[in-house]
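Undergrad: Got a predicted structure plus its sequence, pasted below:
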Amino acid sequence: RIQSAVRAMQARAHVRIKRKLAYAVGCVVSTTQCKSLTERMSNVDSLEACISENAAHFERKSGVEGQILEAKATLARARQELQNAAAVRIQSAVRAMQARAHVRIKRKLAYAVGCVVSTTQCKSLTERMSNVDSLEACISENAAHFERTPGAEGQILEAKATLARARQELQNAAAVRIQSAVRAMQARRVDARLRIERARAISLAMQGFLDRLPQEDCDTAILDSSPQEGASPEEAPKGYFDDMAEFVSQCGADEHELVAGAIFDRMVTLPHLRESFVNVAFRLNARCPGLCQLLVERIHRDLGVLAACFGVLSSKAAVDGCAPAPQEFATVRQQEEVCAILVLSGHFYVRGLLPLEGLDEVARMLVGLWSAPQSLPESLVKGLCLLLEVAGPILESTDAGNLFREKCLARLSAVQRALAPDGKHLYSDEVLFRIRDLRRSSPRSPGQGQH
């Protein structure tokens, strides 16, 4: 009974193991053509585990070696097929990846070529050069890819040909730009030379006209050149002033500054004819409006330079504690230029071209730099006297003008009383006489009673 029970139990176990092995083999065989490699691999692993677990049972059991051998053969075939399928899948994935990379590189190359072609006629050489450099970099990076890819050699060759043409066109365009720039620079140089020659010619012509101004009866010569009452301009005799006015009217508006500069230079170099040159300027302004305005601008432009020059030197005088000679402050031309600016400012104020505020600004910038009377240069004292001589009657007609005149006279009075350590006056007799005359002509001189 026990032996029969054992044999029955062994028979049932053998049937169960056979069914389990058959099921595992069936699962492997049934998924041989399955697309899911994961499922196939799971079934192969299950069959291998079943064979490993029950190999000893089949070895002890006689007459069943064929079943285990057949299962092992099925396992070996399944593993080989699985490896082949995996290799195919890997090759397909690699080919797909290479195809996508090839498409991406082709698009990148085509875009670079398109950028170069689209900017062939572009005016910006920088943009064209940037696109050419981008195409060259794209070719260099992907040349090996196109060499490995069959049938793609034509694309890289076409891109290289486009690159060569673009570089040649870029070089030609750059050469044209350089030639144009050189020609433009030469034209500007010629134009600048012509402008310089024109300016020199205008300056020389104006110097010639101004040098023809008679040394005596200057204002009479200027006034006699004006048309007589009742006579038309065509019937008026051509004289000195008419020739100069006709020449100035033929000059361009941008050249009138040269005319104003020539008149101002003559006012500086020929101080004894300063009044006559002022009359010339105002008469020319009637023919060519804006000339006096250019002289006003010239005053404001030179004012800061002269004030800075005198101001720096006046600080030196304050440190030394003495009254330096005029030549220590500035050159002779700068001293005469100061006088010319002050006289011209007075004439402009009299004729209504410069307000009292502008006249006060000129005086404050030049004369107001010195706090001590003995540090005031003689050229400024003389210029201030000339300003008051020219504009004095008009200044006395208004309260503000009279206040300005009294402040200037107060400064001049301090200058008149300034003495050197040896007891002598610091300034020349001419300046002292001018100050004395101005104080006598004043209704109320500073520090004195009625005259």
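TA: Good, I have the coordinates.

Undergrad: quick one, what contacts residue 85?
TA: By C-beta atoms under 8 Å, 6 or more residues apart in numbering, the contact set of residue 85 is 37, 40. C-beta coordinates here come from the backbone N, C-alpha and C atoms, glycine included.

Undergrad: if we go to 7 Å?
TA: Listed by C-beta atoms under 7 Å, 6 or more residues apart in numbering, the contact set of residue 85 reads residue 37.

Undergrad: Go ahead and list the helix or strand containing it.
TA: According to DSSP states H and E, residue 85 maps onto helix 65-118.

Undergrad: List the buried residues in the next helix or strand after that helix.
TA: With elements assigned by DSSP H and E, the helix or strand that comes after helix 65-118 is helix 125-148. Neighbour-count burial for helix 125-148 flags 128-129, 131-132, 135-136, 138-139, 142, 145-146 (criterion: 16 or more other C-beta atoms under 10 Å).

Undergrad: Let me see the mean pLDDT of stretch 11-23.
TA: On average, the pLDDT along stretch 11-23 is 83.

Undergrad: Convert that stretch to PDB, retaining C-alpha atoms only.
TA: Extracted in PDB, the C-alpha atoms of stretch 11-23 (Å, rounded to 0.1, in the frame of the first residue of the first chain):
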ATOM      1  CA  ALA A  11       3.100   9.900 -11.100                       C
ATOM      2  CA  ARG A  12       1.000  12.800 -10.100                       C
ATOM      3  CA  ALA A  13       4.100  15.000  -9.500                       C
ATOM      4  CA  HIS A  14       5.500  13.900 -12.900                       C
ATOM      5  CA  VAL A  15       2.300  14.900 -14.700                       C
ATOM      6  CA  ARG A  16       2.300  18.200 -12.900                       C
ATOM      7  CA  ILE A  17       6.000  18.900 -13.900                       C
ATOM      8  CA  LYS A  18       5.300  17.800 -17.500                       C
ATOM      9  CA  ARG A  19       2.400  20.100 -17.700                       C
ATOM     10  CA  LYS A  20       4.400  23.000 -16.200                       C
ATOM     11  CA  LEU A  21       7.200  22.400 -18.700                       C
ATOM     12  CA  ALA A  22       4.800  22.000 -21.600                       C
ATOM     13  CA  TYR A  23       3.100  25.300 -20.600                       C
END
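
Undergrad: List the buried residues in it.
TA: 17-18, 21.

Undergrad: With secondary structure added, can I get those in TSV?
TA: Converted to TSV, the buried residues of stretch 11-23 look like this (DSSP: H, G, I helix; E, B strand; the rest coil):
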residue	secondary structure
17	helix
18	helix
21	helix
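
Undergrad: what about residue 151, is that helix, strand or coil?
TA: Here residue 151 is coil, with the state taken from three-state DSSP.

Undergrad: residues touching it, list them.
TA: Counting by C-beta under 7 Å, 6+ apart, residue 151 has no contacts.

Undergrad: Buried residues of stretch 426-438, list them for me.
TA: For stretch 426-438, by 16+ other C-beta under 10 Å, it's 426-427, 431-432, 434-435, 438.

Undergrad: repeat for stretch 94-104
TA: Of all the residues in stretch 94-104, those buried under the rule 16+ other C-beta under 10 Å are residue 102.

Undergrad: Contacts made by that stretch with the rest, please.
TA: So stretch 94-104 is in contact with residue 149, going by C-beta under 7 Å, 6+ apart.

Undergrad: where's that stretch relative to the chain centroid, distance-wise?
TA: Centroid separation for stretch 94-104 versus its chain: 49 Å, with C-alpha atoms, centre = their mean, to the nearest Å.

Undergrad: Convert the C-alpha atoms of that stretch to PDB, please.
TA: The C-alpha coordinates for stretch 94-104 follow below in PDB (Å, rounded to 0.1, in the frame of the first residue of the first chain):
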ATOM      1  CA  VAL A  94      20.200  53.300 -35.300                       C
ATOM      2  CA  ARG A  95      19.100  53.800 -38.900                       C
ATOM      3  CA  ALA A  96      16.100  55.900 -37.800                       C
ATOM      4  CA  MET A  97      18.300  58.000 -35.500                       C
ATOM      5  CA  GLN A  98      20.900  58.500 -38.300                       C
ATOM      6  CA  ALA A  99      18.000  59.400 -40.700                       C
ATOM      7  CA  ARG A 100      16.700  62.000 -38.300                       C
ATOM      8  CA  ALA A 101      20.200  63.300 -37.700                       C
ATOM      9  CA  HIS A 102      20.700  63.500 -41.500                       C
ATOM     10  CA  VAL A 103      17.500  65.400 -42.000                       C
ATOM     11  CA  ARG A 104      18.400  67.800 -39.200                       C
END
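
Undergrad: Select, from the buried residues of helix 125-148, the two members most distant in space.
TA: In the buried residues of helix 125-148, the most distant members under the criterion C-beta to C-beta are 128 and 145, with 26.3 Å between them.

Undergrad: for this structure, where's the lowest mean pLDDT among helices and strands?
TA: Lowest on mean pLDDT, DSSP states H and E among the helices and strands of the chain sits helix 218-224, with a mean of 46.

Undergrad: Now the element after it, going C-ward?
TA: Downstream of helix 218-224, the first helix or strand assigned by DSSP H and E is helix 240-250.

Undergrad: Throw the buried residues of stretch 426-438 into TSV and include pLDDT and distance to residue 256, thanks.
TA: TSV is the format used below for those (pLDDT from 0 to 100; distance: C-beta to C-beta, whole Å):
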residue	pLDDT	distance to residue 256
426	77	42
427	79	38
431	82	35
432	85	40
434	85	34
435	84	37
438	83	35
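
Undergrad: now, which of those lie within helices?
TA: Of those, the ones assigned to helices by DSSP state H are 431-432, 434-435, 438.

Undergrad: Could you list the residues in contact with stretch 398-406?
TA: Contacts of stretch 398-406 (C-beta under 7 Å, 6+ apart): 356, 360, 388, 392, 394-396, 446.

Undergrad: Which ones among those map onto strands?
TA: Secondary structure assignment by DSSP state E places none of the contacts of stretch 398-406 in strands.

Undergrad: Restricted to buried residues, select those residues in PyMOL.
TA: Applying 16+ other C-beta under 10 Å to the contacts of stretch 398-406 leaves a buried subset, and the PyMOL line that selects it is:
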select buried, resi 356+360+388+392+394+395
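
Undergrad: Point out where the protein drops to low pLDDT.
TA: Within the chain, the stretches with pLDDT under 70 are 35, 62-64, 213-240, 306-331, 367-375, 442-451.

Undergrad: if we go to 90?
TA: For the chain, residues meeting the criterion pLDDT under 90 lie at 4-90, 94-95, 97-177, 186, 188-196, 198-451.

Undergrad: In terms of distance to residue 60, which of the buried residues of stretch 11-23 ranks first?
TA: Closest approach between those and residue 60, by C-beta to C-beta: residue 17, at 11.4 Å.

Undergrad: Which parts of the stretch 151-300 of the chain are helices?
TA: With DSSP state H, counting those that start in this stretch as the criterion, the stretch 151-300 of the chain has helices at 153-211, 218-224, 240-250, 256-269, 274-287, 291-320.
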